[in-house]
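In: Just need the structure, nothing else, for what follows:
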Amino acid sequence: SPDFDLYFQDDGQHSARYAPYSPNTGFYYMRYNKHTQFLMSHLLRMGDVVMNLGSHQEVMNEVMTEHSSWRGLKVKVISRNEPEFPCGYHFHHRKQFMNDILAGKIKPYIFHMSWTEGKHEKIKLLQQIGEWYVNSTCSIPESTEECCLAKPLFRCHYESKP
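Out: Predicted coordinates for the structure are as follows:
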């Protein structure tokens, strides 16, 4: 919907630190317009605050809140109950949900493996649940045909995980 400037997944972390939005700032969609240009210009000038807090997520949330009130920025956080946009919260805390994905009952549009440290661990977990669509021999893509797979690459890395 063109009604919003930014779309986020719900991060799952609903502490006061991330209120009021609790956005997952590791993966989001941002429209290119005057509101988002000004937001990002403001955010980029707050690198010292990001370094001091050790998190861009908290700073992004604060700046979005300010810009929503001050400049009319429109933010949409997709509910964590929407099955098409799961993230690490679902993987680590919603076992039945993950079993439903494995059984093919739920087919996510995207799956952002947040709440998981490191690229290699994220790839392993996405392979584990059959949501990894990148050819393992691809390093720097010349074309999407070389790297994108029509069917997911499934590999079992852990017996104790879905």
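
In: Tell me, how many residues neighbour Gln57?
Out: The local packing of Gln57 (other C-beta atoms under 10 Å) involves 21 other residues. Using the backbone N, CA and C atoms, a C-beta is placed for each residue, glycine as well.

In: That one belongs to a strand?
Out: No. Secondary structure of Gln57 (DSSP: H, G, I helix; E, B strand; the rest coil): helix, not part of a strand.

In: Could you check how far it is from Ile129?
Out: Gln57 sits 24 Å away from Ile129, taking C-beta to C-beta, to the nearest Å as the criterion.

In: try Glu121
Out: For Glu121, the distance to Ile129 - C-beta to C-beta - is 13 Å.

In: biggest strand in this structure, by residue count?
Out: The longest strand of the chain (DSSP state E) is strand 23-30.

In: Packing partners of that one?
Out: Under the contact definition 3 or more C-beta pairs under 8 Å, 6 or more residues apart in numbering; DSSP states H and E, strand 23-30 sits against strand 6-10, helix 56-71.
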